[in-house]
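Chemist: Below is the sequence, then the predicted model.
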Amino acid sequence: MQDKWKEIWNRRPRLLEEVTLDALIKADGFDVGAGQVDVDNWQKYIQDISKQIYLKDTDTIFEIGCGAGAFIYPFFLKGHKVAGTDYSKIMVNLAKKSMPGMVFESKDAVQFETSYKYDIVLSNSVFQYFDSFEYAKKVILKMVSASKRMVVILDINDVARKEDAMITRRGRLSQIEYKEKYDGLSHLFYDKEWFKAIAEECNCNIEIHNQDIDDYLNSKFRFNVFLTKNNKS
């Protein structure tokens, strides 16, 4: 499944005419269909997440599946040290151009390594592209290991809403048209209890919130997970 998605993301724009948040949002694919988010709602999303993670001015942030960097770009502009990985070299190059001086590497999610621990390790709208729950768990365990304080996994497909999500994704396409368009491009859907079990295994406190981005049609099918490390044990 990931190979097909890699083909899609490697066809995204290779250059940015101008580095703006709007351009990065579009480069990261939030510009079509149920996944469309405009700049104002994106900024509000960033602000809401910042409050939920009790973001400090000194917090460092590492993103798995950073793409062109639309999610962490606003944090970079505020002076945070940011970094990330993505399997698309094209997207990583866009992130490097957008955030000079920051470290971005082209690697699969499970292959990321960093000798530096970041306060917050996160991913945004990435886990649906993974091949399996086993792979996803390996990524989470590495995220926990690389974080000082918190792991944040955003925009996760909710298995309880899978049927409705698939209807929205199909839209007005016929079954034949849908198969031709999305063959090999399936999404992974998660049970909230699955994340709770991992949180217990990792000795992390967990909060789960339904996604809430204005005018983002996928919101009603997705949720966000916040894992806070229990460093007292």
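Modeler: Nice, thanks for sending it over.

Chemist: where in this structure is pLDDT low?
Modeler: Residue ranges of the chain with pLDDT under 70: 1-16, 169-185, 232-233.

Chemist: in the sheet, who's paired with the residue nearest the centre of it?
Modeler: Closest residue to the average C-alpha location of the chain: Asn124 at 1.7 Å, with CA atoms, centre = their mean. Counting by DSSP bridges, Asn124 forms beta bridges with Leu154.

Chemist: Help me confirm that it comes into contact with Asp155.
Modeler: Yes: with contact defined as CB atoms under 8 Å, Asn124 reaches Asp155; the gap is 5.8 Å. C-betas here are computed from N, CA, C, even on glycine.

Chemist: before we move on, back to that, now do the same contact list for the residue nearest to the centre of the chain.
Modeler: Contacts for Asn124 (CB atoms under 8 Å, 6 or more residues apart in numbering) come out as 63, 65, 71, 154-155.

Chemist: Against Ile153, how distant is it?
Modeler: 8 Å (CB to CB, to the nearest Å).

Chemist: Met143 now?
Modeler: Noted for Met143: a distance of 8 Å to Ile153, by CB to CB.

Chemist: can you list residues touching both of the two?
Modeler: 122-123.

Chemist: all strands for the protein, in order.
Modeler: 61-64, 82-86, 103-106, 118-124, 147-157, 204-210, 222-229 (DSSP state E).

Chemist: Provide the angle between the direction of the fourth one and the direction of strand 147-157.
Modeler: Same thing as strand 118-124. Interaxial angle, strand 118-124 versus strand 147-157 (axes from the mean of the first three to the mean of the last three CA atoms, to 10 degrees): 10 degrees.

Chemist: export the contacts of Asn124 to CSV and tack on distance to Ser219 and neighbour count?
Modeler: Shown next, in CSV, are these (distance: CB to CB, whole Å; neighbours: other CB atoms under 10 Å):
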residue, distance to Ser219, neighbour count
Glu63, 20, 26
Gly65, 19, 25
Phe71, 16, 29
Leu154, 11, 22
Asp155, 9, 23
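
Chemist: Distance to Tyr190 for those - can I get that in a markdown table?
Modeler: Converted to a markdown table, the contacts of Asn124 look like this (distance: CB to CB, whole Å):
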| residue | distance to Tyr190 |
| --- | --- |
| Glu63 | 19 |
| Gly65 | 15 |
| Phe71 | 19 |
| Leu154 | 12 |
| Asp155 | 11 |
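
Chemist: And the furthest pair within those?
Modeler: The span of the contacts of Asn124, defined through CB to CB, is set by Glu63 and Asp155 at 12.6 Å.

Chemist: Counting neighbours, what do you get for Lys81?
Modeler: By other CB atoms under 10 Å, the residues close to Lys81 number 17.

Chemist: Settle this for me: it is touching Met102, isn't it.
Modeler: Yes: counting by CB under 8 Å, Met102 is a contact partner of Lys81 at 7.3 Å.

Chemist: all helices for this protein, in order.
Modeler: All helices of the chain, identified by DSSP state H, fall at 2-9, 21-27, 39-52, 73-77, 89-98, 133-146, 162-170, 175-182, 192-201.

Chemist: Between those helices, which one is closest to Gly33.
Modeler: Closest to Gly33 of those, according to CB to CB: helix 162-170, at 8.0 Å.

Chemist: what's the offset of that closest one from the middle of its chain?
Modeler: Helix 162-170 sits 20 Å away from the centroid of its parent chain (CA atoms, centre = their mean, to the nearest Å).

Chemist: got the angle for it vs strand 147-157?
Modeler: 70 degrees.
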